[in-house]
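Undergrad: what shape does this take:
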Amino acid sequence: MTIEEEGIEDGLEKLRAMEQRMANMSPILRVIGADLVELIDSNFDKSTAPDGTLWAPLKAPRRHQRDTGPPKPLIDTGRLRRSITYQAGRRHVDVGTNVVYAGTHQWGTVHVPARPFVPIDIEGNWTGSLVELEFIKRTVTRWIETGSLSGAF
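TA: Numbering: from 1, shown residues only. Modelled structure (predicted):
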């Protein structure tokens with residue numbers, strides 16, 4: 001009977017620890033936020049959308065880009081790329097930019113083709129790979145169950 005009681009106490013202790021981690025998810029959300037910023041940065045490196053499709057090429061390079069090799073979309077001054085940040089709270093992580101023209105490039109306009117770099121669509125649905133999404137889910141689950149802070153990607 002003592003063995004069973006100890007097993008129950010161990011189980012309850014693990015559940016309490018999980019409950020505490022679920023009450024404040026900010027440690028793992030900071031890891032996921034940093035990983036998402038890195039993922040978005042890689043989209044700029046590869047000139048691809050989060051789903052892997054290539055961004056529309058530039059119609060014509062700007063004057064200062066003509067001698068530096070093939071021009072890459074969304075990398076003129078680097079301001080947009082450098083502006084991607086995250087902020088983690090207890091139950092959420094916000095990833096984004098404060099650059100006004102970001103939406104023009106993410107969603108496109110009549111005159112500017114969409115070159116999405118953040119892995120969400122206009123409704124807020126994930127547009128990155130399902131592998132990345134599953135990895136995030138596993139990372140959060142591992143955090144809740146064990147407290148492990150290993151990275152998402």
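Undergrad: C-alpha from now on. contacts and neighbour counts both.
TA: Noted.
Undergrad: can you give me the helices in the protein?
TA: Using DSSP state H, the helices of the chain run over 2-23, 26-46, 79-82, 102-107, 130-146.
Undergrad: winner for burial among those?
TA: Scoring these by mean neighbour count under mean count of other Cα atoms under 10 Å gives helix 26-46 as the most buried, with a mean of 20.
Undergrad: what's the angle from that one to helix 130-146?
TA: 160 degrees (axes from the mean of the first three to the mean of the last three Cα atoms, to 10 degrees).
Undergrad: which other helices and strands does helix 26-46 contact?
TA: The contact analysis (3 or more Cα pairs under 8 Å, 6 or more residues apart in numbering; DSSP states H and E) places helix 26-46 against strand 85-88, strand 93-96, helix 130-146.
Undergrad: what separates it from the chain centre, distance-wise?
TA: Relative to its parent chain, helix 26-46 has a centroid offset of 4 Å by Cα atoms, centre = their mean, to the nearest Å.
Undergrad: dump stretch 115-127 to CSV, keeping only the CA atoms.
TA: Extracted in CSV, the C-alpha atoms of stretch 115-127 (Å, rounded to 0.1, in the frame of the first residue of the first chain):
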residue,chain,number,x,y,z
ARG,A,115,6.2,38.7,-50.6
PRO,A,116,5.1,37.0,-47.4
PHE,A,117,7.8,36.7,-44.8
VAL,A,118,5.8,36.1,-41.6
PRO,A,119,4.2,32.6,-41.4
ILE,A,120,0.6,33.7,-41.1
ASP,A,121,-2.1,34.6,-43.6
ILE,A,122,-4.4,37.6,-43.3
GLU,A,123,-6.8,35.7,-41.1
GLY,A,124,-4.0,34.7,-38.7
ASN,A,125,-3.6,31.1,-39.8
TRP,A,126,-0.2,29.4,-39.9
THR,A,127,1.3,29.3,-43.4
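Undergrad: got the buried residues for that stretch?
TA: 115-119, 126-127 (16 or more other Cα atoms under 10 Å).
Undergrad: and these, which two are the farthest apart?
TA: Greatest spatial distance among the buried residues of stretch 115-127 (Cα to Cα): 115 and 126, at 15.5 Å.
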